[in-house]
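Q: any chance you can model this:
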Amino acid sequence: MGLNHELANDLLEIKAIQIKTEDYFTWTSGIKSPIYCDNRLTMSYPVVRRKIVQAFVRLVEQMEIKPDVIAGCATAGIPHAAWLADELNLPMVYVRSKPKGHGKGNQIEGHLQEGQKVVVIEDLISTGGSSIEAAQALQKVGAEVLSVLAIFTYGLEKSVEKFSSANLSFDTITNYEELLTLLVENGTISDTESHKLQVWRKEL
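A: Modelled structure (predicted):
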């Protein structure tokens with residue numbers, strides 16, 4: 001069993017990922033979805049979060065150019081960025097969704113020098129908007145964003161298009177396809193339900 005398959009199973013077991021093939025969840029964006037993914041729950045499970053760190057380390061090791069700094073997207077990407085930065089013995093910063101409304105008005109917290117190479121850590125990629133905004137905030141201050149790395153992606157076509165338009169790369173530990181394969185294997189959903197979930201994503 002690969003680590004991406006194993007982590008998809010872990011996310012199901014701790015109920016970070018929940019499935020409703022009939023009564024759909026509503027995302028913050030208003031999108032109706034048969035799947036709800038809340039990777040913030042992984043903070044409470046040391047074994048799972050350690051696997052996530054190891055998986056992120058592998059993704060970084062596979063990169064041709066290595067980062068100087070790890071950046072976390074506020075808020076859910078921050079803890080995973082911190083654990084990864086600690087594992088790699090690298091500096092860390094985090095990026096707010098918008099500049100702070102008081103004090104120094106920072107959007108990026110931590111020390112970041114112009115020209116430093118950065119990997120952005122996010123917990124989830126749905127439409128890709130928040131991850132791209134964080135990466136662009138880093139680029140505005142002169143950082144070179146190597147990639148956005150996340151725990152899970154729905155693999156929506158609009159997210160792929162947005163990253164391409166922004167000239168940014170991304171990768172994830174596990175994904176929607178891996179999840180559907182696992183759900184069929186363990187009998188949680190039928191082949192018919194799997195097809196329905198594939199159609200939902202394609203039509204979104």
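Q: and residue 190, how far from residue 97?
A: Per CB to CB, to the nearest Å, residue 190 is found 39 Å from residue 97. Where C-beta positions appear, they are placed from N, C-alpha and C, glycine not excepted.
Q: scratch that, residue 72 is what I was asking about
A: Distance from residue 72 to residue 97, by CB to CB: 12 Å.
Q: how about residue 180?
A: 30 Å.
Q: so which of those two has more stuff around it?
A: residue 180 (21 against 12; other CB atoms under 10 Å).
Q: look up which helix or strand the more buried one falls in, please.
A: helix 176-185 (DSSP states H and E).
Q: and what of residue 151?
A: strand 144-153.
Q: how about that strand: buried residues?
A: Across strand 144-153, burial judged by 16 or more other CB atoms under 10 Å covers 145-153.
Q: just stretch 193-204 next, same as before
A: Going by 16+ other CB under 10 Å, stretch 193-204 has these buried residues: 193-194, 197, 200-201.
Q: ok, back up a step: list the buried ones in the helix holding residue 180?
A: So helix 176-185, judged by 16+ other CB under 10 Å, has buried residues 176, 178-180, 182-183.
Q: just the helices in this protein please.
A: Assigned by DSSP state H, the helices in the chain fall at 3-13, 46-61, 78-88, 129-140, 157-165, 176-185, 191-203.
Q: need the ones you listed in CSV (columns: mean pLDDT).
A: Shown next, in CSV, are those (pLDDT from 0 to 100):
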stretch, mean pLDDT
helix 3-13, 92
helix 46-61, 97
helix 78-88, 98
helix 129-140, 96
helix 157-165, 95
helix 176-185, 93
helix 191-203, 90
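Q: so which of those is nearest residue 116?
A: With CB to CB, the closest approach to residue 116 among those belongs to helix 129-140: 9.2 Å.
Q: and the closest one, which residues are buried?
A: Going by 16+ other CB under 10 Å, helix 129-140 has these buried residues: 130-135, 137-138.
Q: which of those residues lies closest to residue 33?
A: Nearest to residue 33 out of the buried residues of helix 129-140 is residue 130 (CB to CB; 16.3 Å).
Q: quick one: contacts for the closest one?
A: Under the criterion of CB atoms under 8 Å, 6 or more residues apart in numbering, the neighbours of residue 130 are 73, 97, 122.
Q: any idea how many residues pack against the first one?
A: Residues near residue 73, counting by other CB under 10 Å, number 26.
Q: pLDDT wise, what is residue 111 at?
A: pLDDT, residue 111: 96.
Q: let me redo that: residue 1
A: Per-residue confidence (pLDDT) for residue 1: 57.
Q: mind checking how far residue 111 is from residue 136?
A: 20 Å.
Q: got it, and residue 117?
A: Residue 117 sits 16 Å away from residue 136, going by CB to CB.
Q: how about residue 80?
A: 20 Å.
Q: still on that earlier bit, out of the buried residues of stretch 193-204, which comes closest to residue 61?
A: Proximity of the buried residues of stretch 193-204 to residue 61 (CB to CB) peaks at residue 201, which lies at 29.9 Å.
Q: contact partners for the closest one?
A: Counting by CB under 8 Å, 6+ apart, residue 201 has contacts 154-156, 176.
Q: can you do 10 Å?
A: Listed by CB atoms under 10 Å, 6 or more residues apart in numbering, the contact set of residue 201 reads 33-35, 154-157, 176-177, 180.
Q: understood, closing this out.
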